[in-house]
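J.: what would the 3D arrangement of this be:
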Amino acid sequence: MSIRIGIDVGGTFTDFLVVDPDGSRQIHKTSSIPADPARAVTKGLAEIAEVRQVSVQEFLAGVGTIVHGTTVTTNALLTRRGPVTGLLATEGFRDSLAMRDGTREEAYDNRLPQPVPLVPRRLRRPVRGRLDGTGAEVEPVDLDDVRRAAALFREQGVESVAICFMHSHADGAHERAAAEVLRDELPGVYLTTSSDLIAQARYYDRTSTAVLNSYAGPIISSYLAVLTSTLEESGFAGHLLIMQSNGGVATPDELARRAALSLLSGPASGPTAGLLEVAPHGWDRCLTVDMGGTSFDAAVVKDGRPLVMTDGVIDRWRIALPMVDIHTIGAGGGSIAGVDEGGMLRVGPQSAGAVPGPACYGRGGDLPTTTDADVVLGYLDPDSFGGGMRLDVEAAKAAIEREVAKPLGLSVIEAAAGIYDLVNVGMAAGVREITVRRGLDPRDFPIVVAGGAGPVHAAAIARELEIPVLVTPRESSIFCAAGMLVCDFKHDYVRSMKARLGDLDPAELREAWRAMAAQGLATLRAEGVDEAAVSYQPTLDVRYAGQWFEINLPLGADVLDGPDRERIAAAFHDLHDSLFGYRSADMPIEVINVRLTAVGAAAPGQSVARAADAAGEPVVTGVRDIWSPLRREMVEARVYDGLTMGSGGAVQGPAIIELGTTTIVVLDEYDVLVDAAGSFVLYLRERAEEILRRIAT
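T.: Modelled structure (predicted):
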């Protein structure tokens, strides 16, 4: 076996997990470089090589696999720094991108401005030609219109083009013909045809997704080309895999073709890794929360798999590709606190980021942040913060006093506690958003805690949500990087098939799934996956007749051999009841889309499971005062060296457990037990008997 590396590029830090052939693991973090993310990757690899006292060439020569998650396309979209993009649309529908689906984003806000389309109107060009809903040609595609559009695109410096024609989900011939003309007229321009990317009904959804793909395409292609060549020049000859938004990995070539799947690349691995943390204790479900320097991500794993959405929104634009359902809010260690015009405390979503960072970093930042509040409240040791950085407590106090305490007439401690409370309430609301709206009770799920700042705040979030148990992995601070090493290859396919379930021919449904399975198998084989490692996950988009939106219904792989319409109907009624609290068994059921996910299992041995790397009783390194949300005062707490805590080690709250790259805050009501894998399980003391039966080693 060879060395494997997981790399997660975040807004503040770039995280690395290095797994050696003998199973030993090395954690490394380096500051991100937003202007050049690839440089942060190569810088971090050079730093790891230096720690190992070898050259970067020697180190990378022994690396077999790098799995990489990146926010490069997300950041470009959010800042509108993407390429000049054009759109070919059916004549009469060039404004669908601006009109969207005709509904209001906020039902009661009639002043909310529409987002500015990624493609300006002058570059949205109409093309004559029409198919009907079955894919039959009504009017031939006018390729002269395509050539005139190409001339305009050339003149305007267009770098990528999306092609989306009406009803092309039923037959993509018109789109393919237009694409051939553009390839001849505009060689080198990035092209997306909606029928190849996402062959499903709903014109706006297809148009928006195709435009997002073309907007992201040149960015991720260029980034991966630079990264690949840089790694090769440095001696890397192994496999580079990229994390996708659907929770799977893919080769750079495949992701460059389906670039929109890079838009949530970074956090998508967390739920898969989270399940592996709780599965040994008998859970097939969990919540994952990841609080870094810039954002807070929350996701749900239920029935052994992450929940996936097919109607996601990124920066107010619809993306209909399957993605792990991750709710993200602007709440991180760098979230800036202040007092608004109404005299109310606010925290985020603006972030101090890596540069200049929180006031306590001493890098020129003078605004108070969540991290500044954490250090003032005693949760962080200013002399042992991750990365060898020393925190400036006085600078943190000064910033909080000037921007929050004085305007609100509070002491510095009270103001810092207010910042801590407010950011925790906001993150708890984010967890409710992904659970309660799905008909799920968050109290039924253990929380798996990730991110450098996550363990500082997780117990307070769980307290707010009345969740009795949390699992903090030993590698919490780089959890998504670790998760990338256990994610499978994954590719999604869809075909529209609108019909009443009772009228649908099971043979036609079976053939649709089998055709998609053949396509998925071919893609996975091209990525080097053995056929024996391939499995399939079929689903249907279904609704009651007359409903506006459908829901995605997961089905067992046995339906590929012979779909049972009665079983499908029963499963839909149950799912609808759990989501919305009612079922209408007498209502006809409509099938809208047929979907299939082709999964190529990760290589043997790729697991987050690990033996605890320490043994014996916890070592107390000191005592310091920390803020108690329960008692609303500073209280004395023991500080433990978490690196010395092995399986079976126990701690009572209030306490602090320091792990080098993160700090676990154990509130008054919680105790901790280290499980067999070396993870720290926090549990409510009043529920100890019930929980310890699961986790006791």
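J.: distance check, Phe16 against Val54.
T.: Going from Phe16 to Val54 by CB to CB, to the nearest Å gives 16 Å. All C-beta atoms are positioned from the backbone trio N, CA, C, and that covers glycine.
J.: same check on Lys397?
T.: Going from Lys397 to Val54 by CB to CB gives 43 Å.
J.: how far does stretch 477-495 sit from its chain's centre?
T.: Per CA atoms, centre = their mean, to the nearest Å, the displacement of stretch 477-495 from the mean C-alpha position of its chain is 10 Å.
J.: endpoints of that stretch, how far apart?
T.: Across its full length, stretch 477-495 reaches 40 Å end to end, with CA to CA, to the nearest Å as the criterion.
J.: ok, stretch 157-167 next?
T.: Taking CA to CA, the span from the opening residue of stretch 157-167 to its closing residue is 29 Å.
J.: tell me which residues in it are buried?
T.: Under the neighbour-count criterion of 16 or more other CB atoms under 10 Å, stretch 157-167 has 158-167 buried.
J.: try stretch 378-396
T.: 378-381, 384-386, 389, 391-393, 395-396.
J.: can I get those residues in a markdown table with secondary structure, distance to Ala359 and pLDDT?
T.: As requested, those are exported to a markdown table (DSSP: H, G, I helix; E, B strand; the rest coil; distance: CB to CB, whole Å; pLDDT from 0 to 100):
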| residue | secondary structure | distance to Ala359 | pLDDT |
| --- | --- | --- | --- |
| Gly378 | coil | 17 | 95 |
| Tyr379 | coil | 16 | 95 |
| Leu380 | coil | 13 | 92 |
| Asp381 | coil | 17 | 90 |
| Ser384 | coil | 19 | 75 |
| Phe385 | coil | 14 | 72 |
| Gly386 | helix | 17 | 61 |
| Met389 | coil | 13 | 72 |
| Leu391 | coil | 9 | 89 |
| Asp392 | coil | 7 | 91 |
| Val393 | helix | 10 | 94 |
| Ala395 | helix | 5 | 94 |
| Ala396 | helix | 5 | 94 |
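J.: which of Lys397 and Val54 has more neighbours?
T.: Set side by side, Lys397 and Val54 show more neighbours around Lys397, with 21 against 14, by other CB atoms under 10 Å.
J.: ok, now how distant is the closest residue to that one other than its chain neighbours from His281?
T.: The spatially closest residue to Lys397, leaving aside those adjacent along the chain, is Val412, at 5.2 Å (CB to CB, 6 or more residues apart in numbering). Taking CB to CB as the measure, Val412 falls 41 Å from His281.
J.: before we move on, what about Gly451?
T.: When distances are taken as CB to CB, Gly451 and His281 turn out to be 21 Å apart.
J.: and those two? which has more neighbours close in?
T.: Neighbour tally, Gly451 and His281, criterion other CB under 10 Å: the higher count belongs to Gly451, 31 against 20.
J.: ok, that one - contacts?
T.: When the contact criterion is CB atoms under 8 Å, 6 or more residues apart in numbering, the partners of Gly451 are 289-292, 296, 332, 476-477, 479, 662.
J.: repeat the analysis, applying 6 Å as the threshold.
T.: For Gly451, the contacting residues are 290-292, by CB atoms under 6 Å, 6 or more residues apart in numbering.
J.: ok, now Ala199?
T.: Contacts were defined as CB under 6 Å, 6+ apart; by that measure Ala199 touches 169, 495.
J.: three-state assignment of it?
T.: Counting by DSSP: H, G, I helix; E, B strand; the rest coil, the backbone at Ala199 sits in coil.
J.: may I have the beta-bridge partners of Ser335?
T.: The partner list for Ser335 in beta bridges (DSSP bridges) reads Ser351.
J.: follow-up on the earlier one: tell me how far the residue nearest to Lys397 lies from Pro187.
T.: Counting by CB to CB, the gap from Val412 to Pro187 is 62 Å.
J.: element containing Val448?
T.: Following DSSP states H and E, one finds Val448 within strand 447-450.
J.: and that strand, what does it pack against?
T.: Using 3 or more CB pairs under 6 Å, 6 or more residues apart in numbering; DSSP states H and E as the contact test, the elements touching strand 447-450 are helix 270-278, strand 286-291, helix 454-465, strand 469-472.
J.: mind listing what's buried in stretch 490-499?
T.: The neighbour-count check on stretch 490-499 (16+ other CB under 10 Å) flags 490-497 as buried.
J.: off-centre distance for it?
T.: Using CA atoms, centre = their mean, the distance from the centre of stretch 490-499 to the centre of the chain it belongs to is 22 Å.
J.: so which elements touch the one helix or strand Ala40 maps to?
T.: Ala40 is located in helix 37-51, with elements delineated by DSSP H and E. Where contact means 3+ CB pairs under 6 Å, 6+ apart, helix 37-51 is packed against strand 13-19, strand 25-31, helix 56-61, helix 203-233.
J.: single out the most deeply packed of these.
T.: A comparison of the helices and strands packed on helix 37-51 by mean neighbour count, using mean count of other CB atoms under 10 Å, puts strand 13-19 on top with a mean of 25.
J.: confirm for me that Thr621 is in contact with Val639.
T.: Yes: shown here, Thr621 and Val639 form a contact pair, counting by CB atoms under 6 Å, at 5.2 Å.
J.: quickly list the domain ranges of the chain.
T.: Each domain of the chain is listed here as a residue range: 3-76+222-262, 82-216, 489-600, 619-695, per automatic domain parsing.
J.: quick one: terminal-to-terminal distance for the first one?
T.: Length of domain 3-76+222-262, first residue to last, CA to CA: 25 Å.
J.: one more: the shortest one?
T.: Distances were taken as CA to CA; on that basis the terminal residues of domain 619-695 are 22 Å apart.
J.: what residues of the helix or strand encompassing Gln537 count as buried?
T.: In this structure, Gln537 is located in strand 534-544 according to DSSP H and E. Neighbour-count burial for strand 534-544, counted by 16+ other CB under 10 Å, picks out 534, 536-544.
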